[in-house]
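>>> Below: sequence and its predicted model.
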Amino acid sequence: MYLNKAMIYGNLTRDPELKALPSGIQVCSLSIATNRVYNDRDGKRQELTDFHNVVVFGKQAENSAKYLSKGNGVYIEGRIQTRSWEKDGQKQYRTEIVADRVQFGPKNGSASSSGASSAPAASGSDDSKAPSVPDYPEEEINPEDIPF
């Protein structure tokens, strides 16, 4: 059995680029940064950033280009693929994630002011604050009422 699965959650490092193949299929290119925090041998806290190239096809490509912008969080599931081509007599390689699933992360304050206005707006309100938390009952839960 073989397995080629990639799952990442990170922030877009640039606005998505939407193009069309000669067949008419939409292709969106994304660049996503993921951070990893660890302690080195001396016990110092270190942070390492990795950059990932992601390609999205079809309707998901259109939606990604329409609703995502630089700085937005995004979750990607897909497969890893390495392409090669020849340029000026030199063999070039590019490893990227071909997305099967794109899930948009929460909008952060800086991203909403930098061009994410193409996302659907709430019904006529210009409120820039986050959605309110639902009202939960103030009564305490009795553990004996839980059925398991």
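Sure, I can see it. Numbering: from 1, shown residues only.
>>> partners of residue 80 in the sheet?
Each beta-bridge partner of residue 80 is listed here, defined by DSSP bridges: residue 97.
>>> Quick one: residues in contact with the longest helix along the chain.
Counting residues, the longest helix in the chain under DSSP state H turns out to be helix 58-67. Helix 58-67 is contacted from outside by 16-18, 25-28, 30, 56, 74, 99, 101-102, 104, 116, 118-119, using CB atoms under 8 Å, 6 or more residues apart in numbering. In this view, the C-beta of every residue, glycine as well, is placed from N, C-alpha and C.
>>> cutoff 10 Å now
The contact list for helix 58-67 (CB atoms under 10 Å, 6 or more residues apart in numbering) reads 12, 15-20, 25-30, 54-56, 72, 74, 76, 99-102, 104, 107, 116, 118-120.
>>> Filter those down to the buried ones.
The neighbour-count test (16 or more other CB atoms under 10 Å) applied to these identifies 12, 15-16, 26, 28-30, 54-56, 72, 74, 76, 99, 102, 107, 116 as buried.
>>> that older thread, centre of the chain versus the longest helix of the chain, how much separation?
For helix 58-67, the distance from its own C-alpha centre to the chain's C-alpha centre is 12 Å (CA atoms, centre = their mean, to the nearest Å).
>>> which parts of it are buried?
For helix 58-67, burial by neighbour count (16+ other CB under 10 Å) applies to 61, 63, 64, 65, 67.
>>> give me the beta-bridge partners of residue 54?
Note on residue 54: beta-bridge partners residue 30, residue 97, judged by DSSP bridges.
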